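Colleague: I need the structure of the sequence given here:
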Amino acid sequence: MADEMPDPFTELSVLTAQHHELFEAWKAAGFTERQALELLKALIAAKEGGAQ
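Modeller: Sure, this is the predicted structure:
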């Protein structure tokens, strides 16, 4: 339908927002910034099929 607005959020932007929310939640829970980044890195690696 020509009158519909396209979705302004791409799959990448939604995933990025989710990752940021996780990162902030881990920091709020007491993890250091470095620890939160390592957790996020591990999560991303696991989703891609490889763990580091």
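
Colleague: When you work out contacts or count neighbours from here on, use the C-alpha atoms and nothing else.
Modeller: Noted.

Colleague: Show me where this structure dips below the pLDDT cut-off.
Modeller: 1-2, 50-52 (pLDDT under 70).

Colleague: all helices of this structure, in order?
Modeller: Counting by DSSP state H, the chain has helices at residues 11-28, 33-47.

Colleague: got the ones you listed as CSV, with mean neighbour count and distance to residue 3 columns?
Modeller: Listed next are the helices of the chain as CSV, based on neighbours: other CA atoms under 10 Å; distance: least, CA to CA, whole Å:
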stretch, mean neighbour count, distance to residue 3
helix 11-28, 13, 22
helix 33-47, 14, 37
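
Colleague: Out of the ones you listed, which is closest to residue 4?
Modeller: Comparing the helices of the chain by their distance to residue 4 (CA to CA), the top pick is helix 11-28, with 18.7 Å.

Colleague: ok now that closest one, how far from the chain's centre?
Modeller: 4 Å (CA atoms, centre = their mean, to the nearest Å).

Colleague: Which residues does it contact?
Modeller: Outside of helix 11-28, the residues within contact range by CA atoms under 8 Å, 6 or more residues apart in numbering are 33, 36, 37, 40.

Colleague: if you set the cut-off to 6 Å instead, what comes out?
Modeller: If you take CA atoms under 6 Å, 6 or more residues apart in numbering as the criterion, helix 11-28 is touched by residue 36.

Colleague: From the opening residue of stretch 19-35 to its closing one, how far?
Modeller: Stretch 19-35 has an end-to-end distance of 14 Å (CA to CA, to the nearest Å).

Colleague: Oh, that last question was meant for stretch 25-32, not what I typed.
Modeller: From its first residue to its last, stretch 25-32 covers 11 Å (CA to CA).

Colleague: ok now it, how far from the chain's centre?
Modeller: 15 Å.

Colleague: picking up where we left off before, please produce TSV containing the helices of the chain, extended by distance to residue 4.
Modeller: Converted to TSV, the helices of the chain look like this (distance: least, CA to CA, whole Å):
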stretch	distance to residue 4
helix 11-28	19
helix 33-47	33
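
Colleague: For residue 5, find the nearest of these.
Modeller: Nearest of the helices of the chain to residue 5, taken as CA to CA: helix 11-28 at 16.3 Å.
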